Structures are given as structure tokens and as C-alpha cells.
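Enquirer: whatever this is, show me its structure:
(one chain, ligands or ions: 1)
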Amino acid sequence: MFISDFRTRIILFSSIALWLVCIDLNASELHPDSKSMNSTNQLILTSEKTNFKETGNYAEIKRFCQNLELQYPSHVRCKVMGQTAEKRPIFYLITSKKNSLTPIQASKNKVPVIFVIAGTHAGEIDGKDASLLYLRELLENKSNNNPLNSLTVVWIPVFNVDGHEHPGKFKRPNQDGPFEQGDRTTARRINLNRDWILAQTPEMKGMLSLINLWDPAVTIDLHVTDGLRFRHDVSLTVSPEFGGSPALTATAKQLLNQSVSSLNQSGHHPLDLYPRLLDKEDPKAGFILDVDTPRNSHTYASVRNRIGILVEDHAWVSYIERVKTCRATLKVLLTSINSLSNDILRAERLADKESSSKSGSIFALDYEVDIPADQSKVKILDILGYKYETLDPAPIVGGRMIRYHLEETEVWRTPFFDDVQPIKGSEIKLPEYGYLIPLAWSDIVKQYLDMHGIIYRILKRNASDVSIQSIRLQPKDVIHESVSFQGRQMTYISGDWKTNTDSVQKGSIFVPINQPKSSLVAHLLEPKGPDSLSAWGLFNTSYEISDYLANHRAFELVRWMNEDQNKIKELFGEALYSQIPYFKSEYERRMLEEDKFRDDPQERLNFWISYLPEQDSTLNLYPIFRIQTDSLK
Ligand SMILES: [Zn+2]
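Expert: Prediction:
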């Protein structure tokens, strides 16, 4: 009852407050030069009508999208990029004032394409309202420095549409507004910002088709932080930050610095890093550079040799202020991208070229930040914080907690750990020629190659005695996570590539390493990659025992070998039979010299059985191979 009264009051107030709010958000630029009052009304958002206490439902996006195209037919296209799990269409808008509303036109006119994605986590919805307000303003704005004059911007106002349409009042407990918030995950409970590699949702499949269609030079993903209290109103991460092409990394850094400087000049307090803490209950213990894998949007963009930007508004700022900050951030980012667009396009072309000659080079699949024992040389950050204390034990329940004193500000002088290094064992030597996907696995792997726009070819004939590299694992080399992640059982394997020969079936797939997306190829197909298809559990049947040798049979085989029985010759042939004297002498040597061997009956049994032909030749064989020379047709 209270709630509905409250909401009615909001709506009553909102109709009065609408024009005031627009004035607050720079009214002179907000209202379109309307062709009809009716279509203008269709472009006024629920957030505006409610003084940013509420945000609109998805029907509003559809209406806004279609009306914007009607009102600005030369500059806007309203389209659908697919359906959600609950069969809702996902709308997006293409905008350009330079006659570049299709990928072909954008490419022909050499116009950089920028993606602005909001509502990936539907509860963090600032980006939706900020995008639409700013887009409306850009379309009305006739000035020469309008970014739409030289950029094509593709806007996805809500990516997680199903999550957006399941609003609730308590879904973002660490956030100040709006009144109701959407879900973090999709209707199938998948976090879209961990789904960029596996794309197991219809939403991400739609997004990847759009990415392949447009090949955006920059992707901007709009989020909200999750808890820490400080006075910075927005945090920016611009990838690649490490591990990518040096020229592209330098350009990304330049874009970050320029954007942060502009935001500072416009009265905001941006942070040029994601606020990840060494100790969540004590921010002064240190901030750590966030190192994300390609399952995240900004890192995914960087392994495609493009720039990915993660924007995080600060959760504890009011919704209206967050929308203002997000809009200001979009404005600064598009302006900075515009001013650096030649550098960005040049660096991306160079990165593509470098990636196309990576064969045989060393490549790191995963990174971590080194926290040195001696911290005297670590950088110091000045973070705009509040006075706080760490309570240990915390009252009532014990444990540790941070208590902020919001009435008193202070600057946290805190160490910043940013020494990013490849994780031990994650550096590999890329193949000289490429990867071979055997026919049996080709259907499974091909869908990922297609979704990610990777170049490959299907082999037209059988081949025998092909020199390949394969990974044969010991059981100890395979570690499965005990709980699922995104509904999958993550699996980590640690073997090395070894050369041998095998036959190759017609219909198998060859993926050359020398191609613009070689980093993405390595991330998908090198099993040690944190987001490889193997790590996501797609090849787990390769590591499962499906049959076994009964103990009584194993013991009999050992006895027959020890007694030089002809049964061994009959079963396994002359070659193996003739080696029995060697097995016996080796066994006796180990019994004399190795205490551990002597004391372990299982190991002694394994010794004998290991000389017999394998019963299951593909068990623990990583199902993808590598090719070192151009030997396949
Ligand atoms: Zn988020």
C-alpha cells in the first residue's frame, strides 16, 4: 500500500518536475526540435518524468528507438539484433550524421564505428538513460564538433533485456536508485559479461553477430560499481592495458588519459582504474590493477585488436547524479575517440598486421599482478575517500568490517600494485602453422570459430602420417572445479605439446595461426587459456574414464608376463613378448633401488600394465592438435 502511494506521488510529482529536470540536465540541448509534439513526447523518458526516481520499462526503449528513426530518418536506424531467452527482441540504434548507417558505408567513408552497450547487468541501468538522453541531444545538436559528424555510433540501450524486465526493489543492495532494478543475470541466470567467449546465451550470440558485422573500433560497456565507498564518481578501464600490440596499448592509454583529464576539467572525479582492493575491509592496504580475461567485454575487444572500455559509475551516488556522470563520460569518451580516431584506426590496423605473423612466437594466455614483498618502490595513489575504521572483530557477528564516516572526507594515500606479469605456465609458443580440429570435434568447435569471425578451412581429403603436435595428459594434469561457473564445469589442464604422427579425416578443420585474430585463436584453442574451450569444460569427455581393466585380469597379465607365457605372445604379438626380459630386469632394479616403488602395490601393478597396448587410446588426449608445416590440403 505504502509502495503504490509512494509511486503515485512520484508520478504526480514527476509530471510537474519534468521540465525542471530537463533544465537541470541542460534543457537547451535536451528537447528535440520536434516535428510534432506527439513524437517529441515519445522521446521523453520515464526517468525524466520521475525526477530520476524510476527508470522506464523495455516498451519505452522500443518506442524511443522507433520514434527516433521516424524523427531523424537520415541519421538513425532502429533495428533488432536477436531475441532473448524469453523471446523479447533486443533493439539497437545505428546513428551517423555522415551518411554511414551501414557497415559498408562506414567502411567506404572510413568512419570509425563505436559500440555503446548498456544494461549488460540490468540493475546497473544508468547507461541506458544516459545513452538515450545523450543520443537525443547529439541528434538535435547541429554544431560542427558533434561526434556523430565523424563517427558511427551503435547503441544497445539494454543488452540484458529479460533481466531488465524482471525488476525488483532489492536487487542492488549496494546502490542508490532507481526505485526498482533489474537482474544482474539473464533469465537463464547467465552473467553476460562473462559470456563473451562461450556465447552460450541467445543475447550474446546476437551481440557477436553484430560485432562481426560492424567490427567496432571501440566498445564502451556501461556498468555501476558494487560497494566500496569513495568520492570518485566514475572509474574507467581502457583495454588493452598489457599483453596487446604496443601501439594499440599506447593509444588506449592516451585515450584513457585524455578522457580522465576532460572529466576532471568538467568537475567530475574520475578514477583511471577499476577499484579492486587488496583488502576489502581496509582500502589503504592497497589497490590492485584489475586483470580480466577475455570472457569480459573490454578484454574481449582487446584480444580482437580493438579498444574496449569499461565504465563503472559509483553505486552510492544518487541515480540522477549517476546518469549525469554517465552522460558526461559518454560525451568525453566520444569526443576523445573522435580526436584520436586516426591514431586508433592506424594502431588497430597495425595490430591486425602484427597478429597475422605470430607463428612460433611466445604468447601469454593469462596474467596476474605481482605483489612484491618489498613495497618501498610501489606507486602511491591519492584516492578521494572518507574517514573509516576497520572493526576487528565486527560487532554482533564477529569477523572484520569497514565502517565509513561519511561526514568526514580524507585522501587515502594507498599503494597501487600494477606490476602485471604472465602467470607461470601460461606462456606458450604458438604453433608454426596452425591448429587442427579433428572431424569428430569439428561441429562443436566450428560454431565458435564462426561466432568469433575466425578464418579457417575445411579439409577436402583424408591424409595419413601427418606430423602433428598433441597433448597427452596424465590424470594429475586434469583439474576440474568442484562447483559450476555459468553452468559449466571449468577444467584446467597442464600438459605440453609433443610431436607425433596421426591420420587426418576429410572434413576436419584447419585454423591458421597467422590471421588478424590470432590472439583469439590462441585463447580458444590453447587449453591453458583461462577462457579456452577446454577450460570451459567443452572437452571434458576427453578426460573421463569410460572403461577399465579389471584387477583380476591385470594381475593375471602380470603373472603371464613374469612367467614368459605364450599367452602374452598370442594376445599382444611377438614384439611385446620379446621385450619381457627387459621388463623383468627393470622391475627388479626398481624393487632394489626405489623404496616408494617397493612399498606401493598399485605402482608396481601399473609398471607392468603400462607396457601393454592402451585399451582407450583417446583417453586424456587433448582433442585439438597443432600443425607445424603446410602439409594439409
Ligand atoms: Zn556490472
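Enquirer: contact partners for Gln181?
Expert: 122-123, 125, 167-169, 171-172, 175 (CB atoms under 8 Å, 6 or more residues apart in numbering). No exception for glycine: its C-beta is placed from N, CA and C like everyone else's.
Enquirer: switch to 6 Å and redo it
Expert: 123, 171-172 (CB atoms under 6 Å, 6 or more residues apart in numbering).
Enquirer: who does Gly434 form a beta bridge with?
Expert: Legend: beta-bridge partners of Gly434 under DSSP bridges are Pro512, Ile627.
Enquirer: okay, now the residue of the stretch 401-550 of the chain found nearest the ion: neighbour count?
Expert: Closest to the ion within the stretch 401-550 of the chain is Gln486: 15.0 Å, counting by CB to the ion. Neighbourhood size, Gln486 [other CB atoms under 10 Å]: 18.
Enquirer: go on, Val483?
Expert: 6.
Enquirer: from His232, how far off is it?
Expert: Distance check for Val483 against His232: by CB to CB, to the nearest Å, it reads 34 Å.
Enquirer: thinking again about what came up before, between the contacts of Gln181, which is nearest the ion?
Expert: Gly123 (8.2 Å).
Enquirer: so which strand or helix has the closest one?
Expert: Counting by DSSP states H and E, no helix or strand carries Gly123.
Enquirer: got the contacts of Gln181 as TSV, with distance to the ion and pLDDT columns?
Expert: TSV is the format used below for these (distance: CB to the ion, whole Å; pLDDT from 0 to 100):
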residue	distance to the ion	pLDDT
Gly123	8	97
Lys171	12	96
Arg172	10	95
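Enquirer: most neighbours among those, which one?
Expert: Gly123 (25 neighbours).
Enquirer: what sits closest to that residue if chain neighbours are left out?
Expert: Gln181 (3.8 Å; CB to CB, 6 or more residues apart in numbering).
Enquirer: where does Met207 sit, in terms of helix or strand?
Expert: helix 202-214.
Enquirer: tell me how many other residues crowd Glu574.
Expert: 9.
Enquirer: helix, strand or coil for the nearest residue to Leu406 once chain neighbours are set aside?
Expert: Spatial nearest neighbour of Leu406, excluding adjacent residues (CB to CB, 6+ apart): Tyr386 at 5.4 Å. Using DSSP: H, G, I helix; E, B strand; the rest coil, the structure places Tyr386 in strand.
Enquirer: thought Tyr386 was touching Arg403?
Expert: No. Applying CB atoms under 6 Å as the test, Tyr386 and Arg403 come out as separate, 10.1 Å apart.
Enquirer: more neighbours: which of these two?
Expert: Tyr386 (16 against 12).
Enquirer: any idea what the more buried one is bridged to?
Expert: Thr409.
Enquirer: what does the stretch 401-550 of the chain have sitting close to the ion?
Expert: Applying CB under 5 Å from the ion, we find that the stretch 401-550 of the chain lies next to the ion at no residue.
Enquirer: do you have the helices of the stretch 401-550 of the chain handy? List them.
Expert: All helices of the stretch 401-550 of the chain, identified by DSSP state H, counting those that start in this stretch, fall at 439-451, 518-525.
Enquirer: for the last one, the distance to its chain's centre please.
Expert: Translated: helix 518-525. 14 Å (CA atoms, centre = their mean, to the nearest Å).
Enquirer: rounded mean pLDDT for it, please.
Expert: The average pLDDT for helix 518-525 rounds to 98.
Enquirer: packing partners for that helix?
Expert: Under the contact criterion of 3 or more CB pairs under 6 Å, 6 or more residues apart in numbering; DSSP states H and E, helix 518-525 touches helix 297-303.
Enquirer: ok now do Trp412, which residues does it touch?
Expert: Per CB under 6 Å, 6+ apart, neighbours of Trp412: 283-284, 383, 385.
Enquirer: before we move on, what about Tyr134?
Expert: So Tyr134 contacts 327, 330 (CB under 6 Å, 6+ apart).
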